[in-house]
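# what's the 3D shape of this:
(chains A and B)
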Amino acid sequence: MNQHQLVWRRVVLWSALVCSFLAVSITQVRADETCQSPYLPKITGEEDYVYIWTLGDKGLGDSSDKLVTIGANPKRPDQYGKVLSSVSVGGQHEAHHGGFTDDRRYLWLGGLDTSKIFVFDVAASPAKPALVKTIDTFVKDSGGVVGPHTFYPLPGRMLITGLSNEKDHGGKTGLVEYNNEGKFIQTYWMPEGAEYGYDVRIQPHLNRMLTSSFTGWNNYMMDFGKMLADPEAMKRFGSTMVLWDFHARKPIQTFEVPGAPLEIRWALQPRHHYAFTATALTSKIWLINQKEDGTFAAKAVADIGDPKKVPLPVDISLSADDQFLFVNTFMDGTCRVYNVADPTKPRMIHEQKIGAQVNMVSQSWDGKRVYFTTSLLANWDKKGEANEQFLKAYTWDGKALKHSFTVDFNKEKLGRPHIMHFGQDQFYKNQIYTDNMGTDTRRVATNMQ
Amino acid sequence: MQVSEVSNNLCLALLVSVVILSSSLSYAQSTNAHTTAIPDALQPQFTPPPPGTYTLPVIDTVHDHSLLDPQGTRVNLRSLTKNKIAVISFMYTSCADVGGCPLAAAVLHQLDHLLSQRPELARRATLLSVSFDPERDTPTRMAEVKAKLTPHTDWHFLTSATTTELQPILDDFNQPVARLTKDNGEWSGLFRHVLKVYLVDQHHNVRNIYSTGLFSAQLVLNDIETILLETTQKSATRESP
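Numbers count the residues shown, from 1 in each chain, chains lettered A, B, ... in the order given. Purely as a prediction, here's the structure:
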């Protein structure tokens, strides 16, 4: 350890000592969901609400896409596991992903079909978010990007990945930035040889950004069975990931990752300079790891189920301590939990069927609660009785998932539930969190992960 | 002395100590301070891209505002930043989050040092630390901070007369700040704020917003130089036949 390092350690230690004398401690409990942007302020303590961006299902309820709020606080039995609000945006837009702005006040939600973006105010009434703005100029603003997918908050801005383009509705696409007011800033197209897009995640301490790749509008809006039977359509999936100089917004490395690498999860602990993804069509966990020389390498490190059966890995979630990776597979409706303490050798430690189909998984920061939803895409979801649509909540004790509650979205006539985000009253009331555990330890919401 | 006063003074000491320790460290590391890996999650671990090799698109435009300098004199934001690239940090001196205001102050202190070694850049840049805690961060307190940090370049320490006067500035910059309350509704003395440090060009356009992680003195310096190079290139284009 050099002098520089020693002094900084002293600073941090001294800071901790000073803070222990403060009237109000800033001891932090981080029970927010994992795998969010490091620029997003975290809620502390348990979540009160799960916000679910839900696809409208023709003939079910009002058929419209909607933001559904579910009560998640077990200390409120009148709300726990119940639908608290449902706000329709009118029409079906292929509701998919979304994300909070960097102040966590607004939730931006995208439609993959119409490329509309719906902005909800969550802060004013956390149990009942309100639609306050619709951005319907995404394609025009961006110069032809179609299918807003990942919404990733940056300081004062929202970074959005596209899935497709206006010209041919194929997979060539780009990333688009808006400021928090909804004013377009810039578009940067994916590089030649790696034109497909899907997810984006940033590791600010390394100034590195990773993007992954899926498929274009022509495929994701096609009937799933029809697409599988179309050899030409099946060729039109991404097989690359791109590492970017984030500050310069310039691609610096392209990795061959065959079979549509989807969600990206950077490790969350300091000095863990790696990320995971899962490939949908080839059913593998990939590790994108920094090498000694500072560059990165991508390597398949584990199979997910039996790749020959194409279980179709979808969402993944990494625990805050970088110990467990939850991997959902859509076709068999199963969640597999891997011990990834050694990221080069993931080891499956638990396997549990969640339902006939499962897609998204969100995990609380303290690792104790895990939520699942079912819908993949309107035209890709299973048909008939297998078209189960639900939110299921579980607890996780490090060994097994234990069911807490289910909200049946078909029975409630809500639609097809997709991405989840967490909310909490105390955060928006700007109250210091009290753990109610008989101690006087008080906590404040944190600035960063 | 009230408990809150003790806390506040400790926090000010924390802010200044973090700055002084980290800065003296940087001085010891001399010119390669920006490339040194600092062993915690607060500091970037990368070499910033060279000036002029990237662009900084306009994020937003900010307006003029009235503030108080350490003498309690009213000053306008645009008079302080006229024809200069401004680095504007919103902060409060009682901040106890080492990854928040103390980090911003430390980086600005390092930037002040780097700029002092580049007089051709220093005369075209200005640093502003603007408090969002006017009740405690009076002009006198801001003068104390300034005296302890001993800036070598054009670094201003500003506050507002009241929270009412402050709010339009925070709104204009889209800097969320919330007073955190206790269960009984009393103010805890703390703010929740996302660390944001704004790079504003000569035309009042926000060109970057820094936060924890991607925030180092060398990075900001390179961004300042990038904007100045852009200006130089534009005037060269205009002058060409």
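# and residue 77, how many residues sit next to it?
Went with chain A since none was named. Applying other CB atoms under 10 Å in any protein chain shown, we find 10 other residues in the vicinity of residue A:77. (Each C-beta comes from the backbone N, C-alpha and C, glycine too.)
# try again with chain B
A count of nearby residues for residue B:77, using other CB under 10 Å, gives 23.
# swap in residue B:135?
13.
# phi and psi next, for the closest residue in space to it that isn't next to it in sequence.
Leaving out its chain neighbours, the residue that sits closest to residue B:135 by CB to CB, 6 or more residues apart in numbering or on different chains is residue B:163, at 7.2 Å. For residue B:163, the backbone dihedrals (degrees, to the nearest 10) come out as phi -70, psi -30.
# per-residue confidence at residue B:163?
Per-residue pLDDT puts residue B:163 at 94.
# that one contacts residue B:134, correct?
Yes. Between residue B:163 and residue B:134 there is a contact at 6.0 Å, judged by CB atoms under 8 Å.
# which of those two has more neighbours?
When neighbours are counted by other CB under 10 Å, residue B:163 and residue B:134 differ, and residue B:134 comes out ahead with 19 against 14.
# element containing that one, please.
Using DSSP states H and E, residue B:134 sits in no helix or strand.
# for chain B, give the residue positioned nearest to chain A.
Closest contact between chain B and chain A, by CB to the nearest CB, is at residue B:213 (3.1 Å).
# all strands for chain B, in order.
Taking DSSP state E, the strands of chain B run over residues B:60-61, B:66-68, B:74-76, B:85-91, B:125-131, B:155-158, B:177-181, B:187-193, B:197-200, B:205-210.
# what's the answer for the stretch 251-400 of chain A, then?
In the stretch 251-400 of chain A, the segments counted as strands under DSSP state E, counting those that start in this stretch are A:261-266, A:274-279, A:284-290, A:296-303, A:313-318, A:324-329, A:334-339, A:347-353, A:361-363, A:369-373, A:390-396.
# which strands or helices does the second one pack on?
In this structure, strand A:274-279 makes packing contacts with strand A:261-266, strand A:284-290, strand A:313-318, judged by 3 or more CB pairs under 8 Å, 6 or more residues apart in numbering or on different chains; DSSP states H and E.
# cool, the third one as well?
Using 3+ CB pairs under 8 Å, 6+ apart as the contact criterion, the neighbours of strand A:284-290 among helices and strands are strand A:240-245, strand A:274-279, strand A:296-303.
# also the fifth one?
Identification of packing neighbours for strand A:313-318 by 3+ CB pairs under 8 Å, 6+ apart yields strand A:261-266, strand A:274-279, strand A:324-329, strand A:361-363.
# picking that back up, any chance of TSV for the strands of chain B, columns mean pLDDT, mean neighbour count and distance to chain A?
Formatted as TSV, these follow (pLDDT from 0 to 100; neighbours: other CB atoms under 10 Å in any protein chain shown; distance: least, CB to the nearest CB, whole Å):
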stretch	mean pLDDT	mean neighbour count	distance to chain A
strand B:60-61	97	17	5
strand B:66-68	97	20	21
strand B:74-76	97	12	23
strand B:85-91	97	25	12
strand B:125-131	98	25	16
strand B:155-158	97	22	20
strand B:177-181	90	18	4
strand B:187-193	89	21	5
strand B:197-200	98	24	8
strand B:205-210	97	22	4
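# out of those strands, nearest to residue A:155?
strand B:205-210 (3.9 Å; CB to CB).
# now what about the closest one, what contacts it?
Strand B:205-210 has contacts (CB atoms under 8 Å, 6 or more residues apart in numbering or on different chains) with A:154-157, B:56-62, B:107, B:173, B:195-201, B:219-220, B:223, B:227.
# may I see the PyMOL selection of the buried members of those?
Buried residues among the contacts of strand B:205-210 (16 or more other CB atoms under 10 Å in any protein chain shown), as a PyMOL selection:
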select buried, (chain A and resi 154+155+156+157) or (chain B and resi 56+59+60+62+107+173+195+196+197+198+199+200+201+219+220+223+227)
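# surely residue B:222 meets residue B:50?
Yes. In this structure, residue B:222 is within contact of residue B:50 by CB under 8 Å, at 6.8 Å.
# if I look at residue A:296, how far off is residue A:326?
Taking CB to CB, to the nearest Å as the measure, residue A:296 falls 23 Å from residue A:326.
# these two: which is more packed in?
Each of residue A:296 and residue A:326 has its neighbours counted (other CB under 10 Å); residue A:326 has more, 24 against 21.
# what's the closest non-adjacent residue to the more buried one?
Residue A:326's closest residue in space is residue A:317 (CB to CB, 6+ apart), at 4.4 Å.
# now do the contacts for that neighbour.
If you count contacts by CB under 8 Å, 6+ apart, then residue A:317 has A:34-35, A:265, A:325-326, A:361-363, A:370 around it.
# switch to 6 Å and redo it
Contact analysis of residue A:317 by CB atoms under 6 Å, 6 or more residues apart in numbering or on different chains lists A:35, A:326, A:361, A:363.
# need those residues in CSV with pLDDT, can you?
Shown next, in CSV, are these (pLDDT from 0 to 100):
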residue, pLDDT
A:35, 82
A:326, 98
A:361, 97
A:363, 95
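# from the residues you listed, which is closest to chain B?
Distances from chain B to the contacts of residue A:317, taken by CB to the nearest CB, are shortest for residue A:35, at 16.1 Å.
# now the phi/psi pair for the residue in chain A that chain B sits nearest to, please.
Taking CB to the nearest CB as the measure, chain A has residue A:204 as its residue closest to chain B, at 3.1 Å. Per-residue torsions, residue A:204: phi -60, psi -30 (degrees, to the nearest 10).
# any idea how far it lies from residue A:161?
17 Å.
# please apply the same query to residue B:233.
31 Å.
# between those two, which one's more packed in?
For residue B:233 versus residue A:161, neighbours defined as other CB under 10 Å are more numerous around residue A:161 (26 against 11).
# could you pull up the residues touching the more buried one?
Residue A:161 touches A:149-150, A:175, A:197, A:200, counting by CB under 6 Å, 6+ apart.
# in JSON lines: those, plus secondary structure.
Converted to JSON lines, the contacts of residue A:161 look like this (DSSP: H, G, I helix; E, B strand; the rest coil):
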{"residue": "A:149", "secondary structure": "coil"}
{"residue": "A:150", "secondary structure": "coil"}
{"residue": "A:175", "secondary structure": "strand"}
{"residue": "A:197", "secondary structure": "coil"}
{"residue": "A:200", "secondary structure": "strand"}
